[in-house]
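# I would like to see how this sequence folds:
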Amino acid sequence: MGVSLDAPGVAFADGQAEFEVGYPEATVRTSSHVRLDSDADTYRVTIELVADEDGQERFRKTWERTFPRELQ
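Just a heads-up that it's a prediction; the model follows:
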């Protein structure tokens, strides 16, 4: 996380998580990264997800969305 000292509305936060489940026939793992950026007018959220099976990437997706701050 971080916030601008000159403009408190300008900030960011990063987060990530990983989960792994082992089955007799396969081991599956997901990892995600979330980024939130803000300025005086908007929040911008980016989520990246990757899913692996037995160490091979099987799926990757990115979502992005912007929300107005609405005088917050």
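
# going by C-alpha atoms from here, please, whenever you check contacts or count neighbours.
Noted.

# so how far is the helix or strand of the chain with the lowest mean pLDDT from its chain's centroid?
Ranked by mean pLDDT, DSSP states H and E, the weakest helix or strand in the chain is strand 2-3, scoring a mean of 94. Centroid separation for strand 2-3 versus its chain: 17 Å, with CA atoms, centre = their mean, to the nearest Å.

# can you start the count at 391 instead of 1 from here on
Let's use 391 as the start, then, which means that last one is strand 392-393.

# so which elements touch it?
Strand 392-393 sits against strand 401-412, with contacts defined as 3 or more CA pairs under 8 Å, 6 or more residues apart in numbering; DSSP states H and E.

# helices or strands up against the strand it packs on?
Using 3+ CA pairs under 8 Å, 6+ apart, strand 401-412 is in contact with strand 392-393, strand 417-428.

# need the winner for burial among those strands.
strand 417-428 (a mean of 17; mean count of other CA atoms under 10 Å).

# strands paired with that strand, and their directions?
Using DSSP bridges, strand 417-428 pairs in its sheet with strand 401-412 (antiparallel), strand 432-443 (antiparallel).

# how about those in CSV, adding mean pLDDT, distance to Arg425 and mean neighbour count?
Below are the strands paired with strand 417-428 laid out as CSV (pLDDT from 0 to 100; distance: least, CA to CA, whole Å; neighbours: other CA atoms under 10 Å):
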stretch, mean pLDDT, distance to Arg425, mean neighbour count
strand 401-412, 97, 5, 12
strand 432-443, 97, 5, 16
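
# and those strands as JSON lines, adding distance to Arg450?
Formatted as JSON lines, those follow (distance: least, CA to CA, whole Å):
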{"stretch": "strand 401-412", "distance to Arg450": "14"}
{"stretch": "strand 432-443", "distance to Arg450": "5"}
